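Colleague: Here is a sequence together with a model predicted from it:
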Amino acid sequence: MHELSIAQEMMRLVFENAGEAKVVRIGIDIGDLTGFEPDALTFCLEALLDKTPAAGATLDVARIPGSGFCNTCARVVALARRYDACPECGGLDVDLRGGRELRLRELEVE
Ligand SMILES: [Zn+2]
């Protein structure tokens, strides 16, 4: 289960950054093209959080939709999968822009 190891890594980052402070809010971005299931990741994070001093902190997991820049159309287009063709022109000259994020976006402590 990959989500669990990602969740453990996120928790490690949270406590590395928070130190002794009380964590009240954790914001995480997860791209649609990472292959990770946001619900499963949230579940793992909640389970891990429960056993820490940050239990009860608000967990905010945001999905980042896949997008790319089509060099033919010269515009940003939506991508459902990493190597999809441009939905506008059908071309494959598309540079991935968004959707690969997997990061700790926000950490609120008090
Ligand atoms: Zn295009």
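Modeller: Noted; the coordinates are in hand.
Colleague: which helix is the longest one in the protein?
Modeller: helix 2-18 (DSSP state H).
Colleague: contacts for that one?
Modeller: Outside helix 2-18, the residues that touch it by CB atoms under 8 Å, 6 or more residues apart in numbering are 23, 26, 28, 35-37, 40-41, 43-45, 47-49, 52, 54, 102, 104, 107, 109. Placement of C-beta: from N, CA and C, glycine included.
Colleague: Which residue ranges of this structure form strands?
Modeller: Secondary structure of the chain (DSSP state E): strands at 23-31, 58-64, 67-70, 75-78, 94-98, 102-109.
Colleague: Can you list the strands that the third one pairs with?
Modeller: Strands that pair with strand 67-70, judged by DSSP bridges, come out as strand 75-78 (antiparallel), strand 94-98 (antiparallel).
Colleague: wait, what's in contact with Glu101?
Modeller: With CB under 8 Å, 6+ apart, Glu101 has these contacts: Asp29, Ile30, Gly31, Thr34, Ile64.
Colleague: hmm, 10 Å instead?
Modeller: By CB atoms under 10 Å, 6 or more residues apart in numbering, Glu101 lies in contact with Ile28, Asp29, Ile30, Gly31, Asp32, Leu33, Thr34, Ala62, Arg63, Ile64.
Colleague: Any of those residues buried? List them.
Modeller: Ile28, Asp29, Ile30, Gly31, Asp32, Leu33, Thr34, Ile64 (16 or more other CB atoms under 10 Å).
Colleague: What sits closest to the residue nearest to the spatial centre of the chain if chain neighbours are left out?
Modeller: By CA atoms, centre = their mean, the chain has its centre lying nearest to Ile30, at 1.5 Å. Using CB to CB, 6 or more residues apart in numbering and skipping residues adjacent in sequence, the residue nearest Ile30 is Pro38, 5.2 Å away.
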